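Novice: I would like the atomic coordinates for the input below:
(chains A and B)
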There are 2 protein chains.
Amino acid sequence: MHPHTPRIGIIGSGAIGGFYGLMLARAGFDVHFLLRSEYEVVREQGVTVESAVHGNLQIKVQAYASAADMPPCDWLLVGAKATSNDQLAPLIVQAAAPGAKVVLLQNGLGVEEQLRPALRSDMHLLGGLCFICVNRQAPGVVRHQALGAVNLGYHSGPASDGGAALVNEGVGLFRAAGIDSQAMPDLAQARWQKLVWNVPYNGLSVLLGASTTPLMADSHARALIQALMAEVVQGAAACGHVLPEGYAEHLFQVTERMPDYWPSMYHDHVHKRPLELQAIYAEPLAQARAAGCRLPRMEMLYQALAFIDRGAQPR
Amino acid sequence: MHPHTPRIGIIGSGAIGGFYGLMLARAGFDVHFLLRSEYEVVREQGVTVESAVHGNLQIKVQAYASAADMPPCDWLLVGAKATSNDQLAPLIVQAAAPGAKVVLLQNGLGVEEQLRPALRSDMHLLGGLCFICVNRQAPGVVRHQALGAVNLGYHSGPASDGGAALVNEGVGLFRAAGIDSQAMPDLAQARWQKLVWNVPYNGLSVLLGASTTPLMADSHARALIQALMAEVVQGAAACGHVLPEGYAEHLFQVTERMPDYWPSMYHDHVHKRPLELQAIYAEPLAQARAAGCRLPRMEMLYQALAFIDRGAQPR
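Specialist: Sure thing, here's the model as predicted:
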């Protein structure tokens, strides 16, 4: 191992952590996986990615059941659900080398703000937005259907240049692993942009029990998706983030070309895990409302999902 | 049978036709049931109503498998789904005495307008709005949970007084059978009023797979129901029907006091019958839009239900 190779910790197994962790390890980076339920399987069998893009990949990895056993990491990639950030915070801090960079590979708004108070002041916090179709097939096994880019933006920490150098360093890591990556000068805007996809497709997959292909084949669902996208664009603008012209239409067309895909919220619903409603719906709605903007369809989708989520959780 | 007793035909079995037909027959009226799938059972066993209000009732009835076998009826009560009016129109005409009164005991807008061209010019057409919790338990067996009123309004026909006398006659029939009934001077307004209940509860029962009690117990669902009700009130006003002050809140509270109830659209969904989306959603949305009024939540509910309905139907 090259002495200056950064040490990368993957916090939270599952599809996102498994895919990017494997790609980085495969490129020769020193990657360490902190696992919970999948620890035994991954220690024995490593991580497997069944990729429609890269073929079938399987590698042995350095796996840990406890953050206390991990060496101090320079980069920590958090691919777990945003709903578990509170629980993960102490583990992230424990695994962090001085001046570590923590990257939240999560959707929605407010995730960095929620985690930041739990981190040390020497730690940097970044957000990462993943444009990828992956899901967890089995313990230690990830199915990768399409895409793969990770765009990074700096949130907070002791960087003197607004984090630009660190963001570029992170972009370089992903690119060195063969992953498309861009630096995002405005993380808040980038998070709103990603919501243009997440708000309609994640929520409707749960509400209508439908993946992308049947949704895109139905004229009523298409009109609903476009109306929801337009509301997100409107909410972003109200909050000061004017999204690029035609961005919603672009994502709509990208989805039309994608293989049939079940968004992560559908998998959470089927497995009775809590839905990421706070970050993807409640926080954006609250920010838009604070800016004087009501988004009735998105609000309705949130209310319907909150009802469903409550029914799925122990009361 | 008294010679001046009107002869009443019940077109379409099911919960509404079964309940009101039985109540009228039980009161001594000359009632004739036109049945399809339930004909054999009803001919053998009569009609049964298991009522939380009136106790268990069972009577032998005059049942027919074909409209050609029925005697000409003075009143024809149509309790079938609005989605089957096209098919029923010729049977209604066949069973109608000269100057017959046809009462559509159906929800939504546009149902009379759709049927009217198929009727003879000597026939009167009325609308009836049922405030009742009933559902079909088994062939020939209706479960009655609560309420029961039928409010009548005149739609069209050769009446010289705007139909007021005929409406009062109809109200008298129901009252003579122990059923609460009111004359409605403005049928269109009454239909909008009824939508204040049907739009939220029918649609959400399908979309969220939930009956009234769990919906009314959840804060997000309550807010959504109230927002949908407010949109219907707004749509009615845009179309020239200013509903009574506090009407939506009244229906909300009535529902809170009702026994747990699965609206009819839920039963249609479960049994893979077509949903009454045209009358309850599409037509009101179109009328509101023509009046310059957009109802985004109701539109979203319609789009979601249309997607679900399409999936349930053979393509």
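
Novice: strands of chain A, start to end?
Specialist: For chain A, the strands defined by DSSP state E cover A:7-11, A:30-34, A:47-51, A:55-59, A:62-64, A:73-78, A:96-104, A:124-138, A:141-156, A:181-183.

Novice: how many residues are close by residue A:116?
Specialist: By other CB atoms under 10 Å in any protein chain shown, the residues close to residue A:116 number 15. Where C-beta positions appear, they are placed from N, C-alpha and C, glycine not excepted.

Novice: can you pull the contacts of the closest residue to residue A:58 other than its chain neighbours?
Specialist: Leaving aside its sequence neighbours, residue A:58 sits nearest to residue A:48 (CB to CB, 6 or more residues apart in numbering or on different chains; 4.4 Å). Residue A:48 makes contact with A:56, A:57, A:58, A:140, A:141, A:142, according to CB atoms under 8 Å, 6 or more residues apart in numbering or on different chains.

Novice: of those, closest to residue A:15?
Specialist: residue A:142 (5.0 Å; CB to CB).

Novice: tally of neighbours for the residue lying closest to that closest one once chain neighbours are set aside?
Specialist: Closest residue in space to residue A:142, ignoring its immediate chain neighbours: residue A:18 at 4.2 Å, by CB to CB, 6+ apart. When neighbours are defined as other CB under 10 Å, residue A:18 has 30 of them.

Novice: same thing with residue A:68?
Specialist: Counted with other CB under 10 Å, the neighbours of residue A:68 add up to 9.

Novice: ok, the nearest residue to it once chain neighbours are set aside to chain B distance?
Specialist: Among residues not flanking residue A:68 along the chain, residue A:94 sits closest, at 6.3 Å (CB to CB, 6+ apart). In this structure, residue A:94 and chain B are 36 Å apart, going by CB to the nearest CB, to the nearest Å.

Novice: any idea how far residue A:94 is from residue A:100?
Specialist: Relative to residue A:100, residue A:94 is positioned 11 Å away (CB to CB, to the nearest Å).

Novice: now swap in residue A:214 and tell me
Specialist: In this view, residue A:214 and residue A:100 are 43 Å apart by CB to CB.

Novice: so for those two, which sits in the more crowded spot?
Specialist: Neighbours per residue (other CB under 10 Å) separate residue A:214 from residue A:100, with residue A:100 holding more: 24 against 15.

Novice: does the more buried one touch residue A:78 like I think?
Specialist: No: Residue A:100 is beyond contact range of residue A:78, at 11.7 Å (criterion: CB atoms under 8 Å).

Novice: which residues touch residue A:198?
Specialist: When contacts are counted by CB under 8 Å, 6+ apart, residue A:198 touches A:107, A:108, A:263, A:280.

Novice: excluding chain neighbours, give the residue nearest to residue A:236 in space.
Specialist: Nearest non-adjacent residue to residue A:236, counting by CB to CB, 6+ apart: residue A:192, 3.8 Å away.

Novice: who's in contact with the one you found?
Specialist: By CB under 8 Å, 6+ apart, residue A:192 lies in contact with A:109, A:232, A:235, A:236, A:239, A:241, A:243, A:284.

Novice: neighbours of the residue lying closest to residue A:210 once chain neighbours are set aside, how many?
Specialist: Excluding its sequence neighbours, the residue lying closest to residue A:210 (CB to CB, 6+ apart) is residue A:204, at 6.7 Å. Neighbourhood size, residue A:204 [other CB under 10 Å]: 27.

Novice: next: residue A:135.
Specialist: 18.

Novice: ok, it - contacts?
Specialist: Contact analysis of residue A:135 by CB under 8 Å, 6+ apart lists A:15, A:142, A:143, A:145, A:262, A:264, A:267.

Novice: need the max-distance pair from those.
Specialist: A:142 and A:262 (14.1 Å).

Novice: neighbour-wise, which of those two wins?
Specialist: Ranked by neighbour count (other CB under 10 Å), residue A:142 and residue A:262 place residue A:142 first, with 25 against 21.

Novice: and the more buried one, how far is that from residue A:103?
Specialist: In terms of CB to CB, residue A:142 sits 18 Å off from residue A:103.

Novice: spell out which parts of chain A neighbour chain B.
Specialist: Selection of chain A residues close to chain B by CB under 8 Å from any CB of the partner chain yields A:204, A:207-208, A:210, A:214-215, A:218, A:220-221, A:223-224, A:227, A:296-297, A:299-304, A:306-308, A:310-311.

Novice: picking that back up, now list the buried members of the contacts of residue A:48.
Specialist: A:57, A:140, A:141, A:142 (16 or more other CB atoms under 10 Å in any protein chain shown).

Novice: quick check: residue A:150 touching residue A:134?
Specialist: No: look at residue A:150 against residue A:134 with CB under 8 Å: they stay out of range, at 11.8 Å.

Novice: list the buried residues in stretch A:210-228.
Specialist: A:210-212, A:215-216, A:218, A:220-222, A:224-225, A:227-228.

Novice: widest-spaced pair of the residues you listed?
Specialist: Spatial extent of the buried residues of stretch A:210-228 (CB to CB) is set by the pair A:211 and A:227 at 19.7 Å.

Novice: need the contact partners of stretch A:109-120.
Specialist: A:82, A:85-86, A:89-90, A:92-93, A:96, A:102, A:104, A:125, A:127, A:155-156, A:187-188, A:191-192, A:195, A:278-279, A:283-284, A:287.

Novice: can you get me a residue count around the nearest residue to residue A:57 once chain neighbours are set aside?
Specialist: Closest residue in space to residue A:57, ignoring its immediate chain neighbours: residue A:49 at 4.6 Å, by CB to CB, 6+ apart. As a burial measure, residue A:49 scores 26 neighbours (other CB under 10 Å).

Novice: can I assume residue A:49 is in contact with residue A:17?
Specialist: No: applying CB under 8 Å as the test, residue A:49 and residue A:17 come out as separate, 11.5 Å apart.

Novice: who's in contact with the residue lying closest to residue A:11 once chain neighbours are set aside?
Specialist: Nearest residue to residue A:11 in three dimensions, chain neighbours excluded: residue A:78, at 4.7 Å (CB to CB, 6+ apart). When contacts are counted by CB under 8 Å, 6+ apart, residue A:78 touches A:11, A:12, A:17, A:85, A:88, A:92, A:102, A:103, A:104, A:105, A:106.

Novice: remind me which residues of the stretch 201-315 of chain A are low pLDDT?
Specialist: Along the stretch 201-315 of chain A, the model assigns pLDDT under 70 to residues A:312-315.

Novice: which stretches of it form helices?
Specialist: Taking DSSP state H, counting those that start in this stretch to define them, one finds helices in the stretch 201-315 of chain A at A:212-216, A:219-238, A:247-257, A:264-270, A:277, A:283-290, A:296-312.
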